[in-house]
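# attaching a predicted model along with its sequence, questions to come.
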Amino acid sequence: MVHRHLLMRVGNRFAIPFMFSTTLGLAAVALRDDPAMRVLLPKDVSAGLPAPSAAAALLGKSGAAAVLVVLFLAVTSATSAELIAVSSILTYDVYRVTVSL
C-alpha cells in the first residue's frame, strides 16, 4: 500500500520542471535574437533564468510573475506530497506494526 503512494509521488515529481524546461527553454532559444529577450550568460542559464526570461519576453512582467506563482504552487504541492508520504509510512509501517497489533 505504501509503495503505491511512493511510486505515484516519484512519477509526479518531475512533470512541472520538465514542462518548464522544454517549453520555456525552447522559447528562450527561439527568442535569442528578439529585442525583448535579455542576453543570457552561461551563469544565468545555470541559475535557471531562461524560463522567467522567456516568459517576461513573451508576456512582460506578468509573465515573470506567472512563472513565480506556478513555481510557488509546484513547491507547495511537492511539500504536501512529501508530508503525505511520510505520514503514510509512519501510519502503516510504524504505528500499525508497533502500537496496534
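Everything's here; your move.
# now the longest helix along the chain: buried residues?
Longest helix in the chain, counting residues (DSSP state H): helix 61-89. Going by neighbour count (16 or more other Cβ atoms under 10 Å), the buried part of helix 61-89 is 63, 64, 67, 71, 74, 81, 85, 88. Just so you know, the C-beta spots here come from the backbone N, C-alpha and C atoms, and that holds for glycine as well.
# I'd like the distance between residue 79 and residue 35.
39 Å (Cβ to Cβ, to the nearest Å).
# what does residue 86 give?
Per Cβ to Cβ, residue 86 is found 48 Å from residue 35.
# re earlier: by contact count, what packs against the longest helix of the chain?
helix 2-13, helix 15-30, helix 50-59 (3 or more Cβ pairs under 8 Å, 6 or more residues apart in numbering; DSSP states H and E).
# among those, show the one with the smallest mean pLDDT.
Sorting these by mean pLDDT places helix 2-13 lowest, at a mean of 53.
# I'd say residue 54 and residue 32 touch.
No - look at residue 54 against residue 32 with Cβ atoms under 8 Å: they stay out of range, at 9.9 Å.
# which one's more surrounded, those two?
Shown here are residue 54 and residue 32; by other Cβ atoms under 10 Å, residue 54 has more neighbours (29 against 12).
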